[in-house]
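*Asks:* Structural data only, the sequence is not supplied:
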C-alpha cells in the first residue's frame, strides 16, 4: 500500500514512510497509537521514527523523510526541511553572540598615550583644534619652508619666462603694427616721387619729433624700418629714432640713428661685419652705406654720434651713418655702435637699388 506524500515533493526523493505526522488542530486523539508516539518529557518536538502502517487521514500535514538524495548534495538532517536553528557563535568574551551595541571607540591599551584635542575659545570664536599631536616640530617647519620656497621660485620662474616671451615675441607684433602705420604716414608725407632738379638744392627742414623722416634697410637681415625724428623713450618705442642734431640722410656729417635691442628692431645688429650694406631711403634718392667699423662703448661716450665719430671738434668731410643700440642683449650697461660710410646714391626714379634686389 502506497503512503501519501506531502504536496510539492517528487516521488523518489523522499522515503516511503513519513517522518512525522502533525495532527489537526482541535482534534485531540482519544488514545495514543503506535503511529503517534507520546511527546518527550523535555517538551521538545522530536521527529518520530519511521512507522509502517496506515496514515491517519485526519492529519493536517505529513513530513516525508529525506532519503535517496543525489550524490552531489550532502545528506540533510530530518529537521532541515523545517529549518535548522543556526548554532550560537561563541565570541570568546562571555557574550551570547547577539548583535553588538553601537560601535564604541577602542579602549587604549596599557602604556599608550592619549592626548585630548582641546579647541580654544577666543573673543571672535573658536581657535583651530590644537594639541600636542599637532604641535609643529623643527622637521615639519623645515619641510614647510622648503615647500614654500619651491612654490615661490616656480612662480618667479614662470613670471620671468612670460616677460622674456613678451620682450622677444610680444613686442615684435606691436612694433610691426606701428611700423605699418608709420610707413603709410611717410608715403603720404612725401607725396608723388619727382626727379631731382638741377641747380642749388635747399636743405630740407627736419620734421617734428615722432614724425617719420626716412626708411632704413639692412639687406643682410631682410629688415626694414621707418625712422622717426627724436630719440626719447616715446619716440623710439616702436621705431628707430634720428638724433635731432645730427645730419640727415645723404648730407655731409653723421646721420645717427638709435634703436632698442629687441627682435623687432636692432636685435641682430652685432652680426654686421665690415663691407655689409645699409640702405637709407630718402624722398627722392636711395643712399647705400658700407659698414667700416663696429665697437662697444660706455653710455656716456656720446662722441660716437658727433659729425666725425670719436672726434667732437673735427670738421666733417664725409657722409657717414651711425647706428646705436643697447649691449648686451636684455641689458643696457653698454652701447653697441655701427659706423658706415656712404658708398653711392641712386635716384628713386631708377627703381630700387641692386642691394635691395632691384
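*Replies:* All right, it came through fine. Remember, it's a predicted structure, so these values are computed and weren't measured experimentally.

*Asks:* CA atoms for contacts and neighbours, from now on please.
*Replies:* Noted.

*Asks:* element containing residue 286?
*Replies:* Using DSSP states H and E, the element containing residue 286 is strand 285-297.

*Asks:* That strand - contacts with which helices or strands?
*Replies:* Under the contact definition 3 or more C-alpha pairs under 8 Å, 6 or more residues apart in numbering; DSSP states H and E, strand 285-297 sits against strand 277-281, strand 319-327, strand 334-347.

*Asks:* Make JSON lines from those strands and add mean pLDDT to it.
*Replies:* Listed next are the helices and strands packed on strand 285-297 as JSON lines, based on pLDDT from 0 to 100:
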{"stretch": "strand 277-281", "mean pLDDT": "97"}
{"stretch": "strand 319-327", "mean pLDDT": "96"}
{"stretch": "strand 334-347", "mean pLDDT": "96"}
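
*Asks:* and the gap between residue 356 and residue 323?
*Replies:* 19 Å (C-alpha to C-alpha, to the nearest Å).

*Asks:* Between those two, point out the one with more neighbours.
*Replies:* Between residue 356 and residue 323, counted using other C-alpha atoms under 10 Å, the more crowded position is residue 323 (22 against 15).

*Asks:* Would you agree the more buried one is in contact with residue 261?
*Replies:* No - contact criterion C-alpha atoms under 8 Å: residue 323 and residue 261 do not qualify, at 11.5 Å.

*Asks:* So for residue 185, which of the helices and strands packed on strand 285-297 sits nearest?
*Replies:* Across the helices and strands packed on strand 285-297, residue 185 has its closest neighbour in strand 277-281 (14.4 Å, C-alpha to C-alpha).

*Asks:* which helices and strands does the closest one pack with?
*Replies:* The contact analysis (3+ C-alpha pairs under 8 Å, 6+ apart) places strand 277-281 against strand 212-218, strand 285-297.

*Asks:* contact partners of it?
*Replies:* 214-220, 249, 286-291, 340, 355 (C-alpha atoms under 8 Å, 6 or more residues apart in numbering).

*Asks:* Check the helices and strands packed on strand 277-281 for me and report the most buried one.
*Replies:* By mean neighbour count, with neighbours taken as mean count of other C-alpha atoms under 10 Å, strand 212-218 ranks first of those at a mean of 21.

*Asks:* any idea of the angle the helix or strand following that one forms with strand 277-281?
*Replies:* Per DSSP H and E, strand 212-218 leads on to strand 223-229 as the next helix or strand towards the C-terminus. Angle of strand 223-229 versus strand 277-281, following axes from the mean of the first three to the mean of the last three C-alpha atoms, to 10 degrees, is 50 degrees.

*Asks:* and strand 223-229 with strand 212-218, angle?
*Replies:* Put simply, strand 223-229 runs at 150 degrees to strand 212-218, going by the same axes, to 10 degrees.

*Asks:* which helices and strands sit right next to the helix or strand harbouring residue 156?
*Replies:* Using DSSP H and E, residue 156 falls within helix 138-165. Applying 3+ C-alpha pairs under 8 Å, 6+ apart, we find helix 138-165 packed against no helix or strand.

*Asks:* Which helix or strand lies directly C-terminal to it?
*Replies:* Later in the chain than helix 138-165, the nearest helix or strand by DSSP H and E is helix 171-190.

*Asks:* quick one: buried residues of that following helix?
*Replies:* The neighbour-count check on helix 171-190 (16 or more other C-alpha atoms under 10 Å) flags 171-172, 175-176, 179, 182-183, 186 as buried.

*Asks:* With stretch 338-346 instead?
*Replies:* Those would be 338-342, 345-346, for stretch 338-346 by 16+ other C-alpha under 10 Å.

*Asks:* Stretch 260-278 too?
*Replies:* Across stretch 260-278, burial judged by 16+ other C-alpha under 10 Å covers 260-267, 269-270, 272, 277-278.

*Asks:* show me where pLDDT drops low in the stretch 101-250 of the chain?
*Replies:* The stretch 101-250 of the chain contains residues with pLDDT under 70 at 101-106, 108, 111-135, 192-206.

*Asks:* what about 50?
*Replies:* 130-132, 194-195, 197 (pLDDT under 50).

*Asks:* All set now, cheers.
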